[in-house]
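Asks: Just to be clear, the model below is a prediction. Sequence and coordinates:
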Amino acid sequence: MSKMTDLQTSGILAKECLRTQICGEGEWPKNTVLYQPYETEQILLPDNSKCLSVKTFLKMADLEFIVEARENAEYMSPHRGKVPFIKAGQFLVADFEPIVNFAQSKGYSLSSNLDEHQKWDLRVYMALVNNVLLNAEIYVTWKHEPTYNDLTKPRYGSVYSFPLNHWATYYKRCEMLSHLDVLDWKKKSLDEVFKEVEKICESLSNFLGDKKYFFNEKPTELDALVFGHLFSIITTPLLNNRFAAIIRAYDNLVQLCVRIETEFYQSRFL
Amino acid sequence: MFKPPLLEVESWKGDWGLPSIDYKCLEVLAFARFTNAPININHSNNPFKSVTGHLPVVSYNKRLLMDRDGLIDCLDKLNLSPDCGLTNLQLAEEHAAISMIDAQLEPALLFSWWMDESNCLNFTKPLYRNALKFPFNWYYPNVYEKEAKHKIYTLYNHLESDNDIMTEIYAEAIKCMNSLEGRLGNNFYFFGSHPTLLDAVAYSYLGPLLKAPINGNKLQAHLKTCKNLCIWIDRITREYFKIDWQAHKCNEKKILEESRQQMNVVPWYKKEETKNILIGLVTMVTMVIYSFKIGLISVSDTSDEEDED
């Protein structure tokens, strides 16, 4: 608690605290809408992973929401280019972590019963997935030439009319490549990228062990995030199945995906 | 006699008790010291020969090692890994923690050094300008500034103003520091009694953030309240970079003594108080003389005359 006051005095987190105060505690707003790109013909691997993560998190926390697909979701987002985002009451919140924080400010959290050391684990592994797996997805989608030409270009441009589809795709690609460049990912070869993926799967698999979820019996934000990414990678058809094959090699991770899928998604269809 | 090849490192000079002013050099040096690798450090301060325009340049057996992974592979081949003895679970934790530190502390360091206007002009640029030799000192600091800004703006292109970016970066960094502080606790190092790769990486970002003499930085102020981390940084410097630590201590002592001597040497007529009293006296005398002159105070001889009568 003393640390929290420290932060407030230092004034940096003031903005976040302010937002928490404005939203206040209280009910999860009714009619919460999650906006995302079209799933079948438009969405790309990195965005798909993020959307799936957020949806899984909301389902795990038992929060109501409806999904709406918009072709320009990316430009509607309060933080340009970040999908998915939710409209909850008067608030627009984009990206996985801010949405988790927003839900927490409303009193819905999956990780409140963890101890200090487990919270540290949660933080670092979430950072790992966000930094490595997401970049690997971006690399395959935008940097890998055959994938870009055969899949990314037609899909990303599909919602725009003639001159715009080329320009928008080109612009987005430049943005993504410079993102990879500053993180030193651009000069990596595809093999090196897959090596990174293998390393992260190894780490996650070691951490999961033979537990039901990452933190024993109850699912947490980390489970939602990992499921979102791994499930998208396994199920998205790419030019070759190397990416998915790496993940399939880790049995307990695949088991985790299957478990979450049956528990949170298939019950719908019954 | 056979001499095993050395790890050749070209690096920036050290300062403020740290072996190098640059975080990437610091990481390599810490890594080499922790593993006891045979190393030859050359404080060349000259990035001109480097392919990337940055130091450190690390080479082993005439082969360049471009990044962290290259260095780790090389040390692994020499059977010098600081991570031996860690379980698989700990290795996984280390891998995850390093990715978090990289993602959250590097932007924070870059922001407070290069994007904070006053720090950039008064601290960072002069720092590199002094370290570099003549024609380069007008070129590289500007290049580094541009690169740092480009990196920040690319990573945070979804935010509009510099202020928003700062809030986001600093909030993330503070959370990161808090969790590191909590994780470290009273341990000697993150994984017990031996420093590991995680210690090296965290040290390379937190060391400069704590020690650099920058003004009014919120991160530095916050880091100073994290007692465990401060102690841990000093411990690494003291145990693994003895020479820099001692040199810094000597320097500090010298400066302290010099200032003390100066305090003692000041003669009484040069002290502030004497000056003030003198000025006060002169003013009073002037005022009294002036009031005599305009007749505000007059000394009459009448009383004396009356007495005589």
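Replies: Ah, there it is. On a predicted model such as this, the values are computed, not experimentally measured, just so you know.
Asks: Can you tell me the centre-most residue of chain A?
Replies: residue A:50 (2.6 Å; CA atoms, centre = their mean).
Asks: average pLDDT across the longest helix belonging to chain A?
Replies: Using DSSP state H to define each element, chain A has its longest helix at helix A:162-182. Across helix A:162-182, pLDDT averages out at 91.
Asks: what's the next secondary structure element after it?
Replies: helix A:190-208 (DSSP states H and E).
Asks: The helix or strand just after that following helix near chain B anywhere?
Replies: Counting by DSSP H and E, the next helix or strand C-terminal to helix A:190-208 is helix A:221-235. No: if you take CB under 8 Å from any CB of the partner chain as the test, helix A:221-235 misses chain B, and the best it gets is 10.3 Å. To be clear about C-beta, it is placed using only N, CA and C from the backbone, and glycine gets the same treatment.
Asks: quick check: angle from helix A:221-235 to helix A:190-208?
Replies: With axes from the mean of the first three to the mean of the last three CA atoms, to 10 degrees defining the directions, helix A:221-235 sits at 140 degrees from helix A:190-208.
Asks: I'd like to know which elements helix A:221-235 is packed against.
Replies: Applying 3 or more CB pairs under 8 Å, 6 or more residues apart in numbering or on different chains; DSSP states H and E, we find helix A:221-235 packed against helix A:45-60, helix A:116-128, helix A:134-138, helix A:242-248, helix A:251-264.
Asks: Isn't residue B:108 up against residue B:173?
Replies: Yes: the pair residue B:108 / residue B:173 is scored as a contact, 3.6 Å apart, by CB atoms under 8 Å.
Asks: joint contacts of those two?
Replies: Here residue B:108 and residue B:173 share the contacting residues residue B:219, scored by CB atoms under 8 Å, 6 or more residues apart in numbering or on different chains.
Asks: Which one of the two is surrounded by more residues?
Replies: Neighbour totals were compared for residue B:108 and residue B:173, and residue B:173 leads with 26 against 22 (other CB atoms under 10 Å in any protein chain shown).
Asks: Leaving out the residues flanking it, which one is nearest to the residue nearest the centre of chain B?
Replies: The residue lying closest to the centre of chain B (CA atoms, centre = their mean) is residue B:212, at 1.6 Å. Distances taken as CB to CB, 6 or more residues apart in numbering or on different chains put residue B:16 closest to residue B:212, at 6.4 Å, once the chain neighbours are dropped.
Asks: Was I right to think that neighbour contacts residue B:214?
Replies: No: applying CB under 8 Å as the test, residue B:16 and residue B:214 come out as separate, 10.6 Å apart.
Asks: Show me which of the two is the more surrounded one.
Replies: Neighbours per residue, other CB under 10 Å: of residue B:16 and residue B:214, the larger number sits with residue B:214, 20 against 16.
Asks: Touching, the more buried one and residue B:223? I think so.
Replies: No: in this structure, residue B:214 is not within contact of residue B:223 by CB under 8 Å, at 11.5 Å.
Asks: The residue nearest to the centre of chain B and chain A, how far apart?
Replies: According to CB to the nearest CB, to the nearest Å, residue B:212 stands 18 Å off from chain A.
Asks: how about the helices of the stretch 51-200 of chain B, start to end?
Replies: Counting by DSSP state H, counting those that start in this stretch, the stretch 51-200 of chain B has these helices, from start to end: B:68-77, B:88-110, B:117-119, B:125-131, B:134-137, B:140-155, B:162-184, B:197-211.
Asks: Could you report the neighbour count for whatever residue of the stretch 1-150 of chain A ends up closest to chain B?
Replies: Residue of the stretch 1-150 of chain A nearest chain B, by CB to the nearest CB: residue A:127 (3.4 Å). For residue A:127, the count of nearby residues is 23 (other CB under 10 Å).
Asks: from what I can see it touches residue B:103, true?
Replies: Yes: contact criterion CB under 8 Å: residue A:127 and residue B:103 qualify, at 5.9 Å.
Asks: Wait, residue B:92 touches residue A:203, no?
Replies: Yes: in this structure, residue B:92 is within contact of residue A:203 by CB under 8 Å, at 3.7 Å.
Asks: picking that back up, without its sequence neighbours, what residue ends up closest to the residue of the stretch 1-150 of chain A closest to chain B?
Replies: residue B:100 (3.4 Å).
Asks: give the contact list for residue 97.
Replies: Answering for chain A, as no chain was given. Per CB under 8 Å, 6+ apart, neighbours of residue A:97: A:126, A:130.
Asks: think we crossed wires, I meant chain B
Replies: If you count contacts by CB under 8 Å, 6+ apart, residue B:97 has them with A:124, B:183, B:190, B:198.
Asks: Please work out how many residues are found near the closest residue to the first one other than its chain neighbours.
Replies: Using CB to CB, 6+ apart and skipping the chain neighbours, the partner closest in space to residue A:124 is residue B:96 (4.0 Å). For residue B:96, the tally of surrounding residues (other CB under 10 Å) stands at 26.
Asks: Same question for residue B:46.
Replies: By the criterion of other CB under 10 Å, residue B:46 has 17 neighbours.
Asks: could you measure it against chain A, distance?
Replies: 23 Å.
Asks: Need the pLDDT of that residue.
Replies: Residue B:46 is given a pLDDT of 81.
Asks: Brilliant, that's me finished.
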